[in-house]
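Chemist: Pasting a predicted model and its sequence here:
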Amino acid sequence: MTAAAYMTVLGSLFAILTGFLINSEYSTLRQAQNLVGIEMAGASGLAYASASLPPADTGLVQASLVRYLGAVEQSEWTMLENDPAGRSRAASELSSLSRLVFSYGPRPYAPSVTTDAMQTSLATITESRRQRLSIATVTLPLPLFVLSVVTGMALILGALIVALRNGPRYAMVAAGIVLIVGFDLTAVLAISAPFAGPFVVSTAPIVQLAAEITNGEYLSWLVNR
Amino acid sequence: MVGEPVRLWTGLALVALCCVLAACGSTQQEPVAEGCAKADSDCVEVGIGQPIYLGAFLALDFASGRDVLASVRLALDYLDGVFDQNHGQLLGHGVALVVEKDDCSSVSGRIGARRMLLEQGILAVIGPTCSSTAFGSADGLFSDQNVVLISPSNTAPGLTDPETHQRTYFRTAFNDAIQGSIVADFIFTRQEIATAMTVSKRDDAYSQELADTFADSFAKLGGIVQKRFELAPADSRDSVALALKNQPPGAIFISLQTPDCGLVAAAIRNTPELADTTIVVAESCQTDDFIEALGDRATGIFASGPDFSEVQKDSFYRDWYLPAYHQLTGNDPQGVFGPSGFDATGLVLDAIRRTAVELPGGALKFSRKALRSALLGVRGYAGLSGTLSCLPTGDCSEGARIAIYRAPDWPITRGDKTTPVFSQFKTLNEVGLAN
């Protein structure tokens, strides 16, 4: 009876702790995904704005943007997974893109409306990338996770005691609790890093935008796209 | 009543299902590489560290050929966004230009094309300078190998006639059907001259077709084409003046290349009986050489060609391209097709960017068919020479503003101070070449 009473308390505590952790980590994952969306919106805006430049310049800006997107997709996720404080190829590509975009400011043939729009879009890309990198350095609150693990273990222990005392009929319940605790803790770990593990921020929007730009979707002089 | 174990297992199954669904949701879509999928003759592979090869098939003995070569180099220089006399990179690869000389004949078209085709990796060729080099010669050879040939200065209508057009042939130059029509308008309507004659070169596609289009347009307007003079290589350049002095026409339209047109024009000017005859030369004569050869006798001679007052309104051309051109060559543009050359190169570079398939490590693969299709998708490219849209017949300049300049006020001598005496914009539709 005592073990059963403890199980109610432990179960509630475990549910609250893991619920909080899952919610917190999932929010971080969603936030990181939203930042990718904002970054791609900026990239899309830059591609559109560059279409108002002479064609030779449009091609240059969009090619540079595609190189940046490719670097983000190919190297930044790996870097964020292994060494969030490191420097990926995307940083140097963004630097090249920035130099190119800002070089149009003083050029007499580039309309100021266009250069302003390009610089605004570039600022969006830069800001959202920096926020994305910051999120990658946020880690799971370890004390809370340890507390969850301890609570979970205690819950399993209680379930085993109940099962041993009350016969095989309760063994199924104990097994279920073991599974739930395992799933819960695994879920917490799985979503605890937005750029590592089985649940990571999707790169699909980046790949899609890079393909669209390469295919000429943002060029003003193409048909049959 | 459902038992406790059943509820428990149902709950666990739901949790597991949620995990599986969530995992599926995070699966990323792999991009599908389009273009050249297998190694066949249509494919060109550019290895890691290797350059992308482009060809330039140009008549370097002519101002227009040198002008286009400079503009092609400028377009490659601008790949890094600045004119610094260093070629930029394209898709992480350098661009190497293979230059072949065009001698303005079908023979040189065949020889030059075969030489260039020996370079297996050439993706596209800018040129040739002369229509006669392309027509029935280089255009067919390049087409047989699926190599895009895009000329900034070929104007002969036959090159883009659906009956004779070769499928990989394009041009950014205007079609002479437009030039011929506008010159006819100028002579008949503006100068109110009802009789004219043409001087062209026998067996020269450019020269003869331009004379043909002029004569057709002039006749349609109600004018009388008294004579069509076709110069053979053996003919004396004075023979035109000698043949006409007893029956002088109101105007003579000379569609010859330099130096022939200068020699013929000089002979006409030296003939007192033809003193009142209006002389109009085509854009191929609009060169410094012509003005220098005739000296004061050039004064009053009209020349047709692209309206540079339109081109010079373009800030990129005026403030960016021209200073770079001057820095590269040490002088101002000597011909009229420089902007078309820059545009032709720009179209090719754009098509290359859009059709490249990146291989692991940075190598590239191209499909020649895809490259051609990419050019055919161009509509409304705001080039230096005007707005370009590439039609299935190969014409990328759907319309052109052709101006008539009066010597010595020709754009090549007076630059942006030149004002044309007549200027007209016509589209291919307007001259009966609807597509």
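Modeler: That came through fine. Quantities reported herein were computed from a predicted structural model and do not represent experimental measurements.
Chemist: Tell me who's in contact with B:Ala251.
Modeler: Residues near B:Ala251 by CB atoms under 8 Å, 6 or more residues apart in numbering or on different chains: B:187, B:191, B:193, B:195-197, B:277-280. The C-beta positions use only the backbone N, C-alpha and C, and glycine is treated the same way.
Chemist: near chain B at all, the lengthiest helix in chain A?
Modeler: Secondary structure of chain A per DSSP state H: the longest helix is helix A:2-50. No: between helix A:2-50 and chain B, judged by CB under 8 Å from any CB of the partner chain, nothing touches; the nearest distance is 9.4 Å.
Chemist: Between helix A:2-50 and the helix or strand just after that helix, find me the angle.
Modeler: Once the chain leaves helix A:2-50, the next helix or strand it forms, by DSSP states H and E, is helix A:55-71. Put simply, helix A:55-71 runs at 160 degrees to helix A:2-50, going by axes from the mean of the first three to the mean of the last three CA atoms, to 10 degrees.
Chemist: Correct me if wrong: B:Leu384 contacts B:Gly341.
Modeler: No: between B:Leu384 and B:Gly341 there is no contact under CB atoms under 8 Å: 9.1 Å.
Chemist: quick one, which of those two is more surrounded?
Modeler: Each of B:Leu384 and B:Gly341 has its neighbours counted (other CB atoms under 10 Å in any protein chain shown); B:Gly341 has more, 35 against 23.
Chemist: On the three-state scheme, the more buried one is what?
Modeler: Here B:Gly341 is recorded as helix under DSSP: H, G, I helix; E, B strand; the rest coil.
Chemist: Hmm, B:Pro152 and it touching each other?
Modeler: Yes: if you go by CB under 8 Å, B:Gly341 and B:Pro152 touch, sitting 4.0 Å apart.
Chemist: tell me the contacts of B:Ala282?
Modeler: So B:Ala282 contacts B:179, B:183, B:210, B:253-256, B:261, B:303-305 (CB under 8 Å, 6+ apart).
Chemist: ok, which residues in chain A are in contact with chain B?
Modeler: Residues of chain A found near chain B (CB under 8 Å from any CB) are A:54-57, A:59-60, A:63, A:67, A:100, A:103, A:107-109, A:172-173, A:176, A:179-180, A:183, A:187, A:198-200, A:202-204, A:207-208, A:210-211, A:214-216, A:219-225.
Chemist: Give me the subset of these lying in helices.
Modeler: With helices taken from DSSP H, the overlap with these comprises A:55-57, A:59-60, A:63, A:67, A:100, A:103, A:172-173, A:176, A:179-180, A:183, A:187, A:204, A:207-208, A:210-211, A:214.
Chemist: ok, the contacts of B:Ala282 vs B:Arg202, which is closest?
Modeler: Taking CB to CB as the measure, B:Arg202 sits nearest to B:Leu256 out of the contacts of B:Ala282, at 10.9 Å.
Chemist: burial measure for that closest one, as a count.
Modeler: Using other CB under 10 Å, B:Leu256 is surrounded by 26 other residues.
Chemist: Tell me how far it lies from A:Ser148.
Modeler: Using CB to CB, to the nearest Å, B:Leu256 is found at 91 Å from A:Ser148.
Chemist: And for B:Tyr321?
Modeler: The spacing between B:Tyr321 and A:Ser148, counted by CB to CB, is 67 Å.
Chemist: End to end on stretch B:215-235, go ahead and measure it.
Modeler: In stretch B:215-235, first residue to last residue: 22 Å (CA to CA, to the nearest Å).
Chemist: average pLDDT for it?
Modeler: What stretch B:215-235 shows for mean pLDDT is 94.
Chemist: Now find how far off-centre that stretch is within its chain.
Modeler: 26 Å (CA atoms, centre = their mean, to the nearest Å).
Chemist: contacting residues around it?
Modeler: Applying CB under 8 Å, 6+ apart, the contact partners of stretch B:215-235 are B:180-181, B:183-185, B:187-189, B:193-202, B:208, B:211, B:237, B:239-240, B:243-244, B:247, B:249, B:256, B:260, B:264, B:431.
Chemist: rerun at 6 Å
Modeler: The contact list for stretch B:215-235 (CB atoms under 6 Å, 6 or more residues apart in numbering or on different chains) reads B:180-181, B:184, B:188, B:194-202, B:240, B:249.
Chemist: Going by neighbour count, which residues in it are buried?
Modeler: Neighbour-count burial for stretch B:215-235 flags B:215-218, B:223, B:225-226, B:229, B:231, B:235 (criterion: 16 or more other CB atoms under 10 Å in any protein chain shown).
Chemist: and which of those residues is nearest B:Asp80?
Modeler: Nearest to B:Asp80, judged by CB to CB, of the buried residues of stretch B:215-235 is B:Ser217 at 45.1 Å.
Chemist: If we ignore the residues flanking it in sequence, what's nearest the closest one?
Modeler: Of all residues not flanking B:Ser217 in the chain, B:Ala184 sits nearest, at 3.6 Å (CB to CB, 6 or more residues apart in numbering or on different chains).
Chemist: burial of that neighbour, as a residue count?
Modeler: Applying other CB under 10 Å, we find 25 other residues in the vicinity of B:Ala184.
Chemist: Can I get the host helix or strand of it as CSV, trimmed to CA atoms?
Modeler: Assigned by DSSP H and E, B:Ala184 belongs to helix B:176-185. Only the C-alpha atoms of helix B:176-185 are listed here, as CSV (Å, rounded to 0.1, in the frame of the first residue of the first chain):
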residue,chain,number,x,y,z
ASP,B,176,18.6,42.9,-90.7
ALA,B,177,15.0,42.6,-91.7
ILE,B,178,14.5,45.5,-89.2
GLN,B,179,17.6,47.5,-90.4
GLY,B,180,16.6,47.1,-94.0
SER,B,181,13.1,48.3,-93.3
ILE,B,182,14.2,51.3,-91.3
VAL,B,183,16.8,52.4,-93.8
ALA,B,184,14.0,52.2,-96.5
ASP,B,185,11.7,54.3,-94.3
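Chemist: So which residues make contact with the helix or strand of chain A with the lowest mean pLDDT?
Modeler: The helix or strand of chain A with the lowest confidence, counting by mean pLDDT, DSSP states H and E, is helix A:77-82 at a mean of 88. Helix A:77-82 has contacts (CB under 6 Å, 6+ apart) with A:86, A:88, A:136, A:195-196.
Chemist: 8 Å instead, please
Modeler: A:86-88, A:133, A:136, A:193, A:195-196, A:200-201, A:203.
Chemist: same thing with stretch B:50-58?
Modeler: With contact meaning CB under 8 Å, 6+ apart, stretch B:50-58 is reached by B:46, B:65-66, B:68-69, B:72, B:76, B:90-91, B:93-102, B:112-113, B:116, B:119, B:121-129, B:133, B:138, B:149, B:345, B:348, B:352, B:363-364.
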